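**Student:** Build me a model:
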Amino acid sequence: MFISNRKMSIMAMCCLLMAVHVQGQHHRNRAATDTTKSKPADTTSKPPVVPPPASAIKPYKDVITPGTKTCKGFITVHQKDDKYYFEVPNNMLGRDILIVSRVSKASAEMRNGNNGYAGDQIGETVFRFEKGPGRKLFLRRLFYMEYEKDSTQPMYAGVQKNNVLAIAAAWPVAAYKPDSSAAVVDVTEFLNSDNEVLYFQKKIFKERAGMGAQQNDRSYIDYVHAFSTNLEVRAIKTYTAGMNPTAGNYTVELNASLVLLPEKAMQPRLADKRVGYFAVGHRDFETDPQGVADKIYVKRWRLEPKPEDVEQYKRGELVEPAKPIVFYIDPVTPKKWVPYLIQGVNDWQKAFEKAGFKNAIYAREAPTREEDSTWSIDDATHSAIIYRPSVIANAMGPSVSDPRSGEIIESHIFWYHNVMALLNQWYMAQCGAVDARALNLPLNDTLMGNLIRFVSSHEVGHTLGLMHNFGSSSTVPVEKLRDKAWVEAHGHTPSIMDYARFNYVAQPEDHVGEKGLFPRINDYDNWAIQWGYTWRPEFANEFDEQKALVTIVTDSLAKNNRLWFGSETNFTDYRCQNEDLGDDAVKAGEYGIRNLKRIMPDIMKWSVKPYEDFDKPFDVFKTLYSQYAMYLGHAVNIIGSVEKTEKTGAETGPVYSGAPYTKQKEAMQFIIRNLFVTPAWLNNTAITDKYSVNFITEVGELQSNVISNIIVRNRLCRMLWMEQGYYDKNYKAYTIAEMLQDMNKGIFTELYAGKSVDAYRRGLQKTYVSRLLIQVFNQLNESDLSTLMAPFGYNYDRSDIPALLRDNLKQLLTLIKQAQTAAGVDKATRLHLQDLENRITIKFNAEKKA
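**Tutor:** Just a heads-up that it's a prediction; the model follows:
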């Protein structure tokens, strides 16, 4: 996912299943299976079926009559007028078939956030044909979450008994092929119905698209095409508007791809939490004889050398894979961006050379109708980059995989048109001080093309199985980001899978060029691809392979910290933040703010056009403001942070440890310097006087958000846990009491000096006191957050935290009372202090009465 996040905390964009990160919002974890050993689930308990009369089964020639159109494939399709027949060969019975359903053409009225566009996936499930009683053909839906694949194992019968596969569809056999090698069934009603096999496979998919009931009189089949390993069904469907009362009916085109999975599943590769791959998984009842294990397989493409090249590959020579990874560019993509999207794919070729393959991945333009009339971008055997004319500023790279092994079958990368607006904003705010092109909006086509190239590479990385590596940039010393020679040679982050957009640390005097500003496929990416895609035929199974790979990862990480993986789901580790740079977020933020101060004064000079209004400069102003807020958020997330470093049983040292005391202390001082001390540089009146913008209000809101994000129960619980030495008895903690004292001195500075307080700071002080009062006296619904956000839960109400906050309020009350008599305090300040005294006293008095 490639989405802008300007909030104070990292937003997770993917799902978790059994503590496994699984790609995209579209996919589910399933169990793996091996069709060479497994059998269909127990179906001995047959449903009562009335056998059709003998006359119902007709001779083949009476069903497939002259004039019938026939399309041969792994399932042969016959069409006669408006009737459709599937001819299912006997050798396809019991084979796993992955059915992937998508919206091929969407209605503009069905928009729902990111949903409602052509290419939206609305189903992904595995099915299997089998013979039923009474000369019927069944279609069973497979469930891979919980199973035992080896029929020789003791648990096999028990697991099968408790996992009977659902019959998703049933047809009476209309005819048999003359040699009895295939059964023919009439699927006309099945194709035309609003069924959960081919179309919206889950109710939630339908709800997201705003669909109600199918309107049969306005729905029909466009075509059914059969191929050697897939079958494509295209249907035009009209639905009522469902839950959208303002819309009428929706007419959409849906595509269902029936993809024949390999008879022999790819040998899976067991996941290692230290290498960030998406995964599939299942519960295993055999590995642990006294418990249940989670067997997790990484998602990856099946790259193997051609038979004639096996020996060359084993000798370490580069060979081409038997089946390369090919992405097609959506024909509707604007032509000027096509070369950059293609290059973003091709840039991964070097990484695959580390795994022993050359030309393993590439992109090409989709064939025209004249070149191949049967080619379809919706065919689930084709991977593609889909261009979406959308206001959504995003791009995403989901993939479809074989649940038995994690083998990636295909991917549709979604490229939203308006992501370019986001790229304009990011590059302007982060590089505008060092690259004059960034202030010439809109960016020129060459610059924008190169930005598109890097986003393309990032999304392709997801489709190769790679998760976000938010921790990657934290391995780079901040000062190296200003070293022109070093950063241009090594890049500002070791992974393009990080959310480290551009090098905002570089200063104008550093003269860092484009190579040192842009992200690139780098050390971690090359290593992760090598780990995931090196073909290892020397191992009989995934368990033998795992033993070798674990050692390889451990040794690699010990030698090179640039290979460290920091998960985006590790919300409490300050090293795993999005949009940050370097090993010191505070120092990086100082450099970033220094560059924002260079850009801010001259916004009107370079962004105003004589024939336009002032919306553009105001948008620029808001972008810089958001960038500034992001730097503050990075510092906030250091306070109370917990470092988490994944380890195996053979490795020493803790998995969890507290963030260093000095880093937390410096983060608080950064916030005091850059936010609690009024950031007057943000008050660009040349812009704000064109809009009804109240600077006091805007800064006050940001200060309120930061204070609320610091004095929040989950953060305080983590700080107390570390303070009490549960991680390390020798750990020097940044305590809650010390943090509150630092905030007191930074927010009430004038009171300690006996001086007056200006309007900006009066608002800040009220905000701080209000937050403390809320935490002490109000029953907030935050108790669960301490459990969710900390590695170990902490009950807030039974902890010392309320007492610490209460004590701090009493100290502030004493300070406020004393400050009212200071000679240097003006009337506005006295009134302000009296108000604060009243707010605190009222709460304490009410508590005494209660």
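
**Student:** just the strands in the stretch 351-500 of the chain please.
**Tutor:** Remark: strands assigned in the stretch 351-500 of the chain by DSSP state E, counting those that start in this stretch are 361-365, 383-388, 395-396, 399-401, 408-416.

**Student:** hey, least reliable of those by pLDDT?
**Tutor:** Lowest mean pLDDT within the strands of the stretch 351-500 of the chain: strand 395-396, at a mean of 84.

**Student:** Could you check how far it is from the centre of its chain?
**Tutor:** Its chain's C-alpha centre and that of strand 395-396 lie 9 Å apart, by CA atoms, centre = their mean, to the nearest Å.

**Student:** I'd like to know which elements it is packed against.
**Tutor:** Strand 395-396 is packed against strand 408-416, helix 445-463, with contacts defined by 3 or more CB pairs under 8 Å, 6 or more residues apart in numbering; DSSP states H and E. Placement of C-beta: from N, CA and C, glycine included.

**Student:** for these, which one ends up most surrounded?
**Tutor:** Stretch with highest mean neighbour count among those: strand 408-416 (a mean of 25; mean count of other CB atoms under 10 Å).

**Student:** Dump it to CSV, keeping only the CA atoms.
**Tutor:** In CSV, the C-alpha atoms belonging to strand 408-416 read as follows (Å, rounded to 0.1, in the frame of the first residue of the first chain):
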residue,chain,number,x,y,z
ILE,A,408,1.8,-16.3,-6.1
ILE,A,409,-0.4,-16.9,-9.2
GLU,A,410,-0.9,-13.4,-10.4
SER,A,411,-1.2,-9.8,-9.3
HIS,A,412,-3.1,-6.7,-10.3
ILE,A,413,-1.3,-3.5,-9.1
PHE,A,414,-3.7,-0.6,-8.8
TRP,A,415,-2.4,2.8,-9.9
TYR,A,416,-4.7,5.7,-9.0
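
**Student:** Adjacent strands (with direction) for it?
**Tutor:** Neighbouring strands of strand 408-416 in its sheet, by DSSP bridges, are strand 383-388 (parallel), strand 395-396 (antiparallel), strand 399-401 (antiparallel).

**Student:** any chance of the ones you listed in TSV, with mean neighbour count and distance to Tyr297 too?
**Tutor:** What follows is the strands paired with strand 408-416, written out as TSV (neighbours: other CB atoms under 10 Å; distance: least, CB to CB, whole Å):
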stretch	mean neighbour count	distance to Tyr297
strand 383-388	24	20
strand 395-396	23	22
strand 399-401	25	9
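
**Student:** picking that back up, how about the strands of the stretch 351-500 of the chain in a markdown table, adding distance to Thr188?
**Tutor:** What follows is these, written out as a markdown table (distance: least, CB to CB, whole Å):
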| stretch | distance to Thr188 |
| --- | --- |
| strand 361-365 | 37 |
| strand 383-388 | 30 |
| strand 395-396 | 36 |
| strand 399-401 | 28 |
| strand 408-416 | 28 |
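
**Student:** Show me how the chain divides into domains.
**Tutor:** Domain segmentation of the chain under automatic domain parsing yields 33-264, 307-422.

**Student:** about what we covered before: save the helices and strands packed on strand 395-396 as CSV, and put in distance to Asn469 too.
**Tutor:** CSV is the format used below for the helices and strands packed on strand 395-396 (distance: least, CB to CB, whole Å):
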stretch, distance to Asn469
strand 408-416, 19
helix 445-463, 9
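
**Student:** For Thr749, find the nearest of the ones you listed.
**Tutor:** Proximity of these to Thr749 was assessed by CB to CB; the nearest stretch is helix 445-463, lying at 42.8 Å.

**Student:** and the angle from that closest one to strand 361-365?
**Tutor:** Angle, helix 445-463 to strand 361-365, by axes from the mean of the first three to the mean of the last three CA atoms, to 10 degrees: 130 degrees.

**Student:** elements contacting helix 445-463?
**Tutor:** helix 338-346, strand 383-388, strand 395-396, strand 408-416, helix 419-431.

**Student:** to the chain's geometric centre, what's the distance from it?
**Tutor:** Relative to the chain's own centre, helix 445-463 is displaced by 17 Å; criterion: CA atoms, centre = their mean.

**Student:** Mean confidence (pLDDT) on it, please.
**Tutor:** What helix 445-463 shows for mean pLDDT is 96.

**Student:** quick one: that helix to helix 338-346, angle?
**Tutor:** If you take the same axes, to 10 degrees, helix 445-463 sits at 40 degrees to helix 338-346.

**Student:** Return helix 445-463 as CSV; C-alpha atoms alone will do.
**Tutor:** Extracted C-alpha coordinates of helix 445-463, given in CSV (Å, rounded to 0.1, in the frame of the first residue of the first chain):
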residue,chain,number,x,y,z
ASP,A,445,7.1,15.2,-16.9
THR,A,446,10.6,13.8,-16.6
LEU,A,447,10.7,14.4,-12.8
MET,A,448,7.2,13.1,-12.3
GLY,A,449,8.0,10.0,-14.5
ASN,A,450,11.0,9.2,-12.2
LEU,A,451,8.8,9.5,-9.2
ILE,A,452,6.3,7.2,-10.8
ARG,A,453,9.1,4.8,-11.4
PHE,A,454,9.9,4.5,-7.7
VAL,A,455,6.3,4.1,-6.7
SER,A,456,5.9,1.4,-9.4
SER,A,457,8.9,-0.5,-7.9
HIS,A,458,7.5,-0.2,-4.4
GLU,A,459,4.2,-1.7,-5.4
VAL,A,460,5.9,-4.4,-7.5
GLY,A,461,7.8,-5.3,-4.3
HIS,A,462,4.5,-6.1,-2.6
THR,A,463,3.5,-8.3,-5.4
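
**Student:** elements contacting the helix or strand hosting Ile236?
**Tutor:** In this assignment (DSSP states H and E), Ile236 forms part of strand 230-239. Applying 3+ CB pairs under 8 Å, 6+ apart, we find strand 230-239 packed against helix 188-192, strand 220-226, strand 250-260.

**Student:** deepest of these, which one?
**Tutor:** Highest mean neighbour count among the helices and strands packed on strand 230-239 (mean count of other CB under 10 Å): strand 250-260, a mean of 23.
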